[in-house]
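> Okay, predicted coordinates and the sequence, questions at the end:
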Amino acid sequence: MNVVTPNLRFKTYSKPWEVQALGKLGSFLGGGTPSTENRAYWSGDIPWVSSSDIKEGDFFGINLHRFISKDAIKNSATKKVPENSLLIVSRVGVGKFAVCRHEVCTSQDFTSFTPENCSIDFIAYQLYKNKNRLINLGQGTTIKGFTTGDLASFKLHIPEKDEQQKIADFLTSVDTKISQLTEKHRLLKDYKKGVMQQIFSQQIRFKDDDGNAFTEWNEYSLRDILILQSDALKMDDEATYELITVKRGFGGVKSRGHFKGKDVLVKSQFTIHKGEFVISKRQIVHGACGLVPEELDGAIVSNEYNVFRPQPTKLDIDYFNRLSTTLYMRRAFFINSNGVHIEKLLFKTQSWLKTKVQLPCLNEQQKIAQFLQSLDKKIDAVNEQIEHTKLFKKGLLQQMFV
């Protein structure tokens, strides 16, 4: 008998793990789809799951939103899968699976596994760790996927049941931590979105350091607060330059890499500086704008971009960067772009600069920007915790399984 032990295990266990085929550990069920033309089949109370209802990497969450009747089961290939079974996507979306705590039915894209005298959570984590092996079962076939026979012969290293449960409980606690942090991250982002709406609509006002109210907001044209800059560059063929791109969805200004002057096809280039606001004239309707970060100070852009500096007595550029993400400004980007196709619109800079905006005084802008920066730091800190916990889990999976 082939026996092994993992690199990391709980001290109370010492018995070697045995290699066993999945088919020896439980039974399998297929699935099916009741006729969608019979509305009565889809008006019952029995959950029915398709592969799209399973989220990649989250095998304790199932999006239950379709329900079928008993007649639907009688008149189709779908079957009731017992509670505490593993729903394994064996056709479309191969490699996804989920632990189901309640009785459900599934589509034909699933092969469901019901354990006998083993921990279903342990099997789920073991399969997750061996996901690439699982996916490779179907390679080379016309329809990517695998059969019940493939799964039944799929070999796993299995400890005694108490150790299985101990491992599963520990990893579940790590997943619970990830879920809690993910929810905290979502709530913080929602809070930031809501508070920004209130700030820019003046429902929330800030006060100065002495607790006094700031002056009323004033209306400006964008041309009154932004300076279109053109720091033209004479390129040297042998010099090295860093080029940038601006990501859609307000993803910010990013490096495209370093290039020799002779390898830059567009010779009309401009130097950009830290804290300037960059707009991609062909992608602005998709939110392609943002501030130049410190590490990209001195990079270059072509005339496909607009670069702006703030009027220093009227505008805080970080405040404006946040204002640019609002619905009002996104609409201004769109209506000041010409073209017949969403992917081929061209920004009308001078027209856009006539847009009117309401602005608080410079000190209140700075207060607002600082407040939103503090929220960003909290959001980033939680996201970092999520990533660290995921890495911790990845390491555990490597060490606790064989």
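Thanks, I have it.

> Check Gln164 and give its pLDDT.
On pLDDT, Gln164 comes in at 95.

> neighbours around it, how many?
Residues lying near Gln164 (other CB atoms under 10 Å) number 22. Yep, even glycine has a C-beta here, placed from its N, CA and C like the rest.

> how far does the one helix or strand it maps to sit from the chain's center?
According to DSSP states H and E, Gln164 maps onto helix 161-200. From the chain centre to the centre of helix 161-200 is a distance of 14 Å (CA atoms, centre = their mean, to the nearest Å).

> Buried ones in that helix, by neighbour count?
By 16 or more other CB atoms under 10 Å, the buried positions in helix 161-200 come out as 163-164, 166-168, 171, 175, 178, 181-182, 184-185, 188, 192, 195-196, 199-200.

> same deal with stretch 98-105?
Ala98, Val99, Cys100, Val104, Cys105.

> circling back to that earlier point, downstream of the helix holding Gln164, the next helix or strand is which one?
strand 218-221.

> Kindly indicate which of the buried residues of stretch 98-105 lies nearest Phe146.
Ala98 (17.0 Å; CB to CB).

> Just confirm the closest one is within a strand.
Yes - Ala98 forms part of a strand when assessed by DSSP: H, G, I helix; E, B strand; the rest coil.

> now it: how far from Ile88?
9 Å (CB to CB, to the nearest Å).

> How about His286?
The separation that His286 has from Ile88, given CB to CB, amounts to 38 Å.

> next one: Asn7
Computed as CB to CB, the Asn7 to Ile88 distance reads 27 Å.

> swap in Lys15?
Shown here: Lys15 relative to Ile88, a distance of 28 Å by CB to CB.

> after whatever helix or strand Phe333 lives in, next one along is what?
Using DSSP H and E, Phe333 maps to helix 327-335. Tracing the chain past helix 327-335, the next element assigned as helix or strand by DSSP H and E is strand 337-338.

> now whichever helix or strand comes after that following strand, how far from the chain's geometric center?
Beyond strand 337-338 on the C-terminal side, the first helix or strand identified by DSSP H and E is strand 346-347. Relative to the centre of its chain, strand 346-347 is centred 29 Å away, using CA atoms, centre = their mean.

> Over to stretch 31-38?
Offset of stretch 31-38 from its chain centre (CA atoms, centre = their mean): 32 Å.

> buried residues in it?
So, applying 16+ other CB under 10 Å, buried residues of stretch 31-38: Gly31, Gly32, Thr33, Pro34.

> so who does the second one touch?
Going by CB atoms under 8 Å, 6 or more residues apart in numbering, Gly32 touches Ser76, Ala77, Thr78, Lys79, Ser107, Gln108.

> change it to 7 Å
Ser76, Ala77, Thr78, Ser107, Gln108 (CB atoms under 7 Å, 6 or more residues apart in numbering).
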